[in-house]
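Colleague: How does the following fold in three dimensions:
(chains A, B, C, D, E and F, ligands or ions: 3)
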6 protein chains.
Amino acid sequence: MYIRSEVDGYVGILTLCHTEKRNALSRALVGELLEAMDAMAAARVRVLILTAGVGSKVWSAGHDIHELPLGEDPLLYSDPLEQLLRGVRHFPAPVIAMVSGSVWGGATDLVLSCDIAIGDDTCSFALTPVNLGLPYNTAGTLNFMRRLPLNIAKEMLFTARSVSPHEAEEWHILNHRVDASELRAFTLDIAHGIASKAPLAVAALKEQFRMLADSAPLQPGIFERIQELRHRVFKSRDYVEGIDAFKEKRAPVFRGE
Amino acid sequence: MYIRSEVDGYVGILTLCHTEKRNALSRALVGELLEAMDAMAAARVRVLILTAGVGSKVWSAGHDIHELPLGEDPLLYSDPLEQLLRGVRHFPAPVIAMVSGSVWGGATDLVLSCDIAIGDDTCSFALTPVNLGLPYNTAGTLNFMRRLPLNIAKEMLFTARSVSPHEAEEWHILNHRVDASELRAFTLDIAHGIASKAPLAVAALKEQFRMLADSAPLQPGIFERIQELRHRVFKSRDYVEGIDAFKEKRAPVFRGE
Amino acid sequence: MYIRSEVDGYVGILTLCHTEKRNALSRALVGELLEAMDAMAAARVRVLILTAGVGSKVWSAGHDIHELPLGEDPLLYSDPLEQLLRGVRHFPAPVIAMVSGSVWGGATDLVLSCDIAIGDDTCSFALTPVNLGLPYNTAGTLNFMRRLPLNIAKEMLFTARSVSPHEAEEWHILNHRVDASELRAFTLDIAHGIASKAPLAVAALKEQFRMLADSAPLQPGIFERIQELRHRVFKSRDYVEGIDAFKEKRAPVFRGE
Amino acid sequence: MYIRSEVDGYVGILTLCHTEKRNALSRALVGELLEAMDAMAAARVRVLILTAGVGSKVWSAGHDIHELPLGEDPLLYSDPLEQLLRGVRHFPAPVIAMVSGSVWGGATDLVLSCDIAIGDDTCSFALTPVNLGLPYNTAGTLNFMRRLPLNIAKEMLFTARSVSPHEAEEWHILNHRVDASELRAFTLDIAHGIASKAPLAVAALKEQFRMLADSAPLQPGIFERIQELRHRVFKSRDYVEGIDAFKEKRAPVFRGE
Amino acid sequence: MYIRSEVDGYVGILTLCHTEKRNALSRALVGELLEAMDAMAAARVRVLILTAGVGSKVWSAGHDIHELPLGEDPLLYSDPLEQLLRGVRHFPAPVIAMVSGSVWGGATDLVLSCDIAIGDDTCSFALTPVNLGLPYNTAGTLNFMRRLPLNIAKEMLFTARSVSPHEAEEWHILNHRVDASELRAFTLDIAHGIASKAPLAVAALKEQFRMLADSAPLQPGIFERIQELRHRVFKSRDYVEGIDAFKEKRAPVFRGE
Amino acid sequence: MYIRSEVDGYVGILTLCHTEKRNALSRALVGELLEAMDAMAAARVRVLILTAGVGSKVWSAGHDIHELPLGEDPLLYSDPLEQLLRGVRHFPAPVIAMVSGSVWGGATDLVLSCDIAIGDDTCSFALTPVNLGLPYNTAGTLNFMRRLPLNIAKEMLFTARSVSPHEAEEWHILNHRVDASELRAFTLDIAHGIASKAPLAVAALKEQFRMLADSAPLQPGIFERIQELRHRVFKSRDYVEGIDAFKEKRAPVFRGE
Ligand code: NI
Ligand code: NI
Ligand code: NI
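Modeller: Numbering: from 1, shown residues only, chains lettered A, B, ... in the order given. Ligands and ions are numbered 1, 2, ... in the order given. Modelled structure (predicted):
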């Protein structure tokens, strides 16, 4: 069992608890999480909190690298992480990310897909595809453009470096940064506040935000060029090198090929 | 008379002064305000300041709840507030919101529709449709998405809580936060600065910003789903409860129906 | 020679050094800069730094006013500055603006077109077309809307005032503000960090960002109205007055005609 | 039972047979039809033929006028006809309309939503909302624009007149016009031809066509103006008059109010 | 007086009668026509017929070549023909073009902007900007793409040849081609048919068609490249040659410069 | 040598003459054709005719099936046919397809990408991906939607059947159908007509048409779903079966897997 589930009044809380794998978003964990979310939706919670618990060292390590295919598009529409991101955005009530500890790769995409994010002074965020040579997809890139100042999104993706809690607040990754000792109470307070409001109006607003934010029309030619670019990346030797180096716990040597 | 009108060189100043109704944006007040704006445009002012005066306790309480229809779409294209928001955006010169005191509901939409906003340490901002169970419309939701970081817009709308002057500055609601004692001088200084610049170029820039910001193409199917969602909200029992509770000055009890 | 060129590992550095003309983006300087960028691309640098050197008083003064045509659209697609902005955005690796000193007019558009911007405590930024009565174009206005909070973009353009380093950081013009003594080391550190990552993945991300950011579909009618508005501005007497006043080093007197 | 269901190899045939109500698209008939379509999809037919049988006098009379609400939007997203049109377009295999007899109102929208249409010399088509004063919706108007030459779509909607089989062929309503005696054999021949092709490729093409055809991005402001216009129509006295006249089988007298 | 005005019940008829200038769409004629249209709108006609009378040799010769500016964009948003085209499309009731005789250049754009077109066996249509070397604008090109099969629009514009009544019918320029002796009666019959329908519903449909047809979002970069292309054409020697040759009634000699 | 090249005044003629391979659009033939087109552009022809000669039995057989990859996307942006289609659309003067004989698969996409198409009574057109189980791409599907009535595009793609010259004319595949004996003279006559017009204006119009026609903005989510759908098709057993059956000259047996 990778997920712990609680309900407090109209507020649901799902806690990632697969600590030995640093909550990597594996097919198994995502499957369980989506089921737990379905149960929460069925129970008609009015707010959902997604967390790894106060004091966790790693909120989530992102993609399970061992599940990434080589020589194939690693981020198809049906990929588990993609399903999870859509699951959060389509969840029929607000989802709040409550964050202690470090957040890596696809997990940062997950936090940025939650409606609201609240962190403590131990949290940090990194977007890491360039560590592996993995071609990030359009859905993710658009998510970063919607959620972050454009130059910040680029810095995070081009450097893969870890962003501090202070930066996370300045750059609007976090709505609020609070002391670890207050994180749970502060988050629950916001959640219960939302839960006391008119639920149909809240849900209609969330759905409007989602539909409007998804409306970023692209030229067909652009998409086909992006697909070609990404194809070249996931067929490259550097992608193999990136995955190998990760598994062998050494620094990769990239050649741009 | 709900509006006081002054001209200082090329700068017009319109002051909301219907304090006993807390400057609620009633049909009557909006009508008078739109007329005053027409007069300002005819006088070819180069900047317009919109204010409730330094030291006001309430800048504006937003919609006049007593005018909201039940069981009908409360925010049609022809609604007075919608007309006012378009009036501000189409005004042929920059409009600066100068804010002391609290700003509620549709009035926050109004401040966010002004080109520039300057506030003092008494100002606060809330977006309150979920207090009533009122389905906010696409025009407003898009305005919040254009003007606020996405997670902040969601927090404000889902919680309806009042945002402090400090937060208002961090989240780009305000261009500047200054001491109440300097608010008028600081704002006039910026206004006179703009008035000394090439007016046709300023007006063409404002109009470009407006036209470009209005360009957020949506799929037809999306709009019809939004309309259906909103329809369900304004036909709900919770909407009646929200309006009733407001009139009876008690907390509403929402059931999600 | 207006440009100095260095390579440090995979990092290219181009330094504007036409100080007597305050690095105005004249046809000649832009031509040389584009050639130097082509050479950098051919050398397959993985990051490009664009700078006027640490300690410069003026990073760049923007358009060479003496080259602006009168009575014609001054910002056609083939204008040198427009070519430079496209050159930076299409450069096949990240471009970092490293900024000491003041940045004016079109040069601010250039910094905002770089992928990342890092400045010291002497830097400042102004957008100055309303000083001249020059009608800024859609490409630029969209760039400001993508890179700045909307109300900030308007304030900068309507007032033409100089923005301080602190504001530049708050408003996401700068990714980082550091002490002048550390500017070069800090910037190189970020650049070398990027250069150690998978270059195809970095380049594909940059190109995705560019293509997605360029996707801001407009109604045809809107464009034709903008073109008409701009036409009226570049045919106006105020535009002639603006250019004359600049050349005569006096304050312009605008009449809105 | 309003629907007769047959399967011939990989080809499904659904026949509307509620002749006493002229196959009006009532809530009941649509419900049954959608169920029959689900069964066909479950049986993995590769083509679906939708017909009222060869020799029928009326293929379908369109909306059941008795079910249209007064003073409310009669064509919300959840309206049965709207559900049926989406059902046809989302059906996982091509749908062929095989038409004898007259087709009215919403039923013409249905034929135009099928992938292919084949008729005999008795068929005719009319689009009749202006007979009632009913405000047609955006989804339908866009469907007519996609399927008909623009001037033809307007003539059909503005005049509500019946279009002959010859015109229906010239104007691309019909793919083919054949003799009544050959209608069934000709249609089955095309259907079996499709059924012999690669089904996944056919289904992916249909889905591509649907997704691409649904992509007609509109400005948000446009939607809200359309909704206001339609609101005025369904609240008008003429709409009441249109419905009354229809029920009383007399010509309506419209006043434009 | 260039326009004759009649009203027949709810049907207005405007007849171009400046035969000595072959109804060229000069500033004067367009001004008078727009005024007559305003009067018709004020009289609340339910259909408007635009004609040059049955039996006219030239329906309209299009732009008045003598009014075209040299070295400037000849088709700005405020150009009289552009105003007329918008006037027809915004007219609050359907506009029917009733056509005898030849239609040239901008006048073909006008007929294609009417909602319905009916012609007799003497009518013909040509799109002639390439005879002059005049750069047609985006609004017109989009209109041709909406109203004509794409390959036909290209043939008409690239060859400038006159299209026969038979072709005009096949290619959906005309809704109907009828004998000259029946043209007026046939057209009036359709007009009176429309006038008997619910006027608010008809007007809302026309406005929906207009708004939806105007929604053809383009990338900003595309616009600026089009404007550059057109700029090169209206600054070319060939444009001067085209206008000269026309005035001197000789064939132009174009050099592609 | 697969291509024969002629110049007649300002008109270029390129003739496919690889008859033993039925002018299949192999990598080799496309490479030669693109080179010949570059030479024609350099020679500044004002019109280009693309033909297989009058009296050819097969104009072109489309893709060279032997070059299609298995288990990979067969229609990437860099595919030779895709390059050719873009080459025709970007050619700086009108391209006329002059057609005798049958046109298959990708070659029909090519004819539909030419600006104008003229055929004789021997021509026929088929779109054949469903014979192979090959997932057609978005660029092609959009081209068919732009060039054909929607129901006709679907029939052609779902049935893969051969369309007769009469149908090709009715459905606007052909601009003109003429007798084989007149095909060359008729086509040259149109070509020389175009060549006598202002070339810059013609080229600017073609480029406008291309840019406007390419502007069909799609939601990002749509693209990713299309890519997933196509992925499933090119990974399917049916695709292998389709290619095998073709090579073994037998009818394929598809299972929908
Ligand atoms: Ni910010
Ligand atoms: Ni015909
Ligand atoms: Ni047609």
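Colleague: all strands for chain A, in order.
Modeller: In chain A, the segments counted as strands under DSSP state E are A:3-8, A:11-16, A:47-51, A:58-60, A:95-99, A:102-104, A:116-119, A:124-126, A:176-177.
Colleague: Now do the fourth one: distance to the chain's middle.
Modeller: Looking back up the chat, that one is strand A:58-60. 11 Å (Cα atoms, centre = their mean, to the nearest Å).
Colleague: what helices or strands is that strand leaning on?
Modeller: If contacts are counted by 3 or more Cβ pairs under 8 Å, 6 or more residues apart in numbering or on different chains; DSSP states H and E, strand A:58-60 sits against strand A:102-104, helix A:106-113. Every residue, glycine included, has its C-beta placed from N, CA and C.
Colleague: Which residues of chain A lie near chain F?
Modeller: Chain A has residues A:73, A:76-78, A:137-139, A:142, A:214-221, A:223-225, A:227-228, A:231 near chain F, with proximity defined as Cβ under 8 Å from any Cβ of the partner chain.
Colleague: Give me the buried subset of those.
Modeller: When those are checked for burial by 16 or more other Cβ atoms under 10 Å in any protein chain shown, the buried set is A:73, A:77, A:137-139, A:142, A:214-221, A:223-225, A:227-228, A:231.
Colleague: can you narrow those residues to ones near chain D?
Modeller: By Cβ under 8 Å from any Cβ, the members of these lying near chain D are A:215, A:217.
Colleague: Okay, and which of the buried ones among the residues of chain A next to chain F map to helices?
Modeller: A:138-139, A:142, A:214, A:220-221, A:223-225, A:227-228, A:231 (DSSP state H).
Colleague: what does the stretch 151-257 of chain A have sitting close to chain B?
Modeller: Checking the stretch 151-257 of chain A against chain B by Cβ under 8 Å from any Cβ, the hits are A:172, A:175, A:190, A:193-194, A:196-202, A:204-209, A:211-215, A:217.
Colleague: among these, which are in reach of chain C?
Modeller: Applying Cβ under 8 Å from any Cβ, the subset of those adjacent to chain C comprises A:Pro217.
Colleague: worst-scoring helix or strand of chain A, pLDDT-wise?
Modeller: helix A:220-234 (a mean of 79; mean pLDDT, DSSP states H and E).
Colleague: Go ahead and name everything in contact with that one.
Modeller: With contacts defined as Cβ atoms under 8 Å, 6 or more residues apart in numbering or on different chains, helix A:220-234 is touched by A:71-74, A:133-135, A:137-138, A:239, C:198, C:200-201, C:204, C:207-208, C:211-212, C:215, F:73, F:76-78, F:137-139, F:142, F:214, F:216, F:218, F:220, F:223, F:227.
Colleague: how about a cut-off of 6 Å?
Modeller: A:73, A:135, A:138, C:200-201, C:204, C:207-208, C:211, F:76-78, F:138, F:142, F:214, F:216, F:218, F:223 (Cβ atoms under 6 Å, 6 or more residues apart in numbering or on different chains).
Colleague: do the same with stretch A:105-113
Modeller: A:25, A:60, A:62-63, A:81, A:85, A:88-89, A:97, A:103, A:117, A:125, A:127-128, A:140, A:143, A:147.
Colleague: Could you do stretch A:193-213 as well?
Modeller: Outside stretch A:193-213, the residues that reach it (Cβ under 6 Å, 6+ apart) are A:10-11, A:46-47, A:89, A:92, A:94, A:146, B:129-130, B:133, B:135, B:141, B:157-159, B:222, B:226, B:229, B:233, B:236, B:238, B:242, B:254, B:256.
Colleague: Can you name the residue of the stretch 151-257 of chain A that approaches chain C most closely?
Modeller: Taking Cβ to the nearest Cβ, chain C has its nearest neighbour within the stretch 151-257 of chain A at A:Gly256, 4.0 Å off.
Colleague: which non-adjacent residue is nearest that residue?
Modeller: By the measure of Cβ to Cβ, 6 or more residues apart in numbering or on different chains, the closest residue to A:Gly256 outside its immediate chain neighbours is C:Pro199, 4.0 Å from it.
Colleague: okay, the one you found: pLDDT?
Modeller: pLDDT recorded at C:Pro199 is 93.
Colleague: do you know how far it is from F:Gly55?
Modeller: Distance of C:Pro199 to F:Gly55, given as Cβ to Cβ, to the nearest Å: 54 Å.
Colleague: More neighbours: the two, which one.
Modeller: C:Pro199 (25 against 13; other Cβ atoms under 10 Å in any protein chain shown).
Colleague: circling back: roughly how far does the residue nearest to A:Gly256 sit from A:Leu150?
Modeller: C:Pro199 is 21 Å from A:Leu150, by Cβ to Cβ.
Colleague: gap between the least confident helix or strand of chain A and the chain center?
Modeller: On Cα atoms, centre = their mean, the centre of helix A:220-234 falls 23 Å from that of its chain.
Colleague: and that helix with helix F:220-234, angle?
Modeller: 60 degrees (axes from the mean of the first three to the mean of the last three Cα atoms, to 10 degrees).
Colleague: For the residue of the stretch 101-250 of chain A found nearest chain F, give its distance to B:Asn131.
Modeller: Using Cβ to the nearest Cβ, A:Pro217 is the residue of the stretch 101-250 of chain A that sits closest to chain F, at 3.0 Å. Shown here: A:Pro217 relative to B:Asn131, a distance of 34 Å by Cβ to Cβ.
Colleague: quick one on the thing from earlier: kindly reformat the ones in helices among the buried ones among the residues of chain A next to chain F as JSON lines containing distance to E:Leu34.
Modeller: As requested, these are arranged in JSON lines below (distance: Cβ to Cβ, whole Å):
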{"residue": "A:Thr138", "distance to E:Leu34": "47"}
{"residue": "A:Ala139", "distance to E:Leu34": "49"}
{"residue": "A:Leu142", "distance to E:Leu34": "45"}
{"residue": "A:Asp214", "distance to E:Leu34": "42"}
{"residue": "A:Pro220", "distance to E:Leu34": "39"}
{"residue": "A:Gly221", "distance to E:Leu34": "40"}
{"residue": "A:Phe223", "distance to E:Leu34": "43"}
{"residue": "A:Glu224", "distance to E:Leu34": "45"}
{"residue": "A:Arg225", "distance to E:Leu34": "45"}
{"residue": "A:Gln227", "distance to E:Leu34": "49"}
{"residue": "A:Glu228", "distance to E:Leu34": "51"}
{"residue": "A:His231", "distance to E:Leu34": "55"}
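Colleague: ok, A:Asp179 - how many residues close by?
Modeller: Using other Cβ under 10 Å, A:Asp179 has 9 neighbouring residues.
Colleague: any weak-confidence spans in the stretch 101-250 of chain A?
Modeller: Applying pLDDT under 70 to the stretch 101-250 of chain A flags the ranges A:220.
Colleague: can you tell me the residue of it closest to chain D?
Modeller: Closest point on the stretch 101-250 of chain A to chain D, by Cβ to the nearest Cβ, is A:Pro217, at 4.8 Å.
Colleague: ok, and the closest non-adjacent residue to that residue?
Modeller: That would be F:Pro217: by Cβ to Cβ, 6+ apart, it lies 3.0 Å from A:Pro217.
Colleague: For that neighbour, list the residues it contacts.
Modeller: A:217, C:217, D:217, E:217.
Colleague: quick one on the thing from earlier: tell me which of the ones in helices among the buried ones among the residues of chain A next to chain F is nearest to D:Glu20?
Modeller: Nearest to D:Glu20, judged by Cβ to Cβ, of those is A:Asp214 at 45.6 Å.
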